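Novice: The sequence and its predicted three-dimensional model are supplied below.
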Amino acid sequence: MEAFKKEKAKGEIDNWKGAYEQKGDKLLLVKKTSLDAGSVKDIVFQLKREIPTSITVILSDADNKPMITVGVSDDLAGIYQAGALIKELAREIQGGGGGNPGFATAGGKNLDGLENAYQKALNI
């Protein structure tokens, strides 16, 4: 099972690398997935290393629990704070979370709120 998860995550990385959109002064990726928290974290760290000037927002419904992960590339961490972004998005899933300027996660109770968080994230 673990090997299957890693293979699925690897496929997602390749797909997502080409899905960033230019939004003002940054590249933005907002994606929905059902990958588990560990896989999402690995992907976000890899993407923030490989895609400069980027913000990555991943919304997951793994195990029917809403989770949001935000990664900010090192070159943008002085302008955008992952921890501040996650607090704003977490409200939509009736949750909380935190992190540091480059990486933050949040979990919540309201699975239906992921769509609102997704729409909000598109406007970062």
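Specialist: Yes, it's here.

Novice: Can you tell me, leaving aside adjacent residues, what's nearest to residue 63?
Specialist: Leaving aside its sequence neighbours, residue 63 sits nearest to residue 36 (C-beta to C-beta, 6 or more residues apart in numbering; 7.6 Å). (Each C-beta comes from the backbone N, C-alpha and C, glycine too.)

Novice: which phi and psi does the one you found have?
Specialist: phi -70, psi 170 (degrees, to the nearest 10).

Novice: Hmm, residue 62 and it touching each other?
Specialist: Yes. With contact defined as C-beta atoms under 8 Å, residue 36 and residue 62 form a contacting pair (4.8 Å).

Novice: what's the spacing between stretch 110-124 and its chain's center?
Specialist: 11 Å (C-alpha atoms, centre = their mean, to the nearest Å).

Novice: Restricting to C-alpha, output stretch 70-78 in CSV.
Specialist: Listed next in CSV are the C-alpha coordinates belonging to stretch 70-78 (Å, rounded to 0.1, in the frame of the first residue of the first chain):
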residue,chain,number,x,y,z
VAL,A,70,0.2,25.6,1.9
GLY,A,71,3.8,25.9,0.6
VAL,A,72,5.5,29.1,-0.2
SER,A,73,8.9,29.0,-2.1
ASP,A,74,11.8,30.4,-0.1
ASP,A,75,12.1,33.5,-2.4
LEU,A,76,8.6,34.6,-1.5
ALA,A,77,8.5,33.8,2.2
GLY,A,78,9.3,37.4,3.0
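
Novice: how distant is it from the center of its chain?
Specialist: Relative to the centre of its chain, stretch 70-78 is centred 12 Å away, using C-alpha atoms, centre = their mean.

Novice: Then stretch 83-97?
Specialist: 12 Å.

Novice: Could you list the low-pLDDT ranges of this protein?
Specialist: 1-9 (pLDDT under 70).
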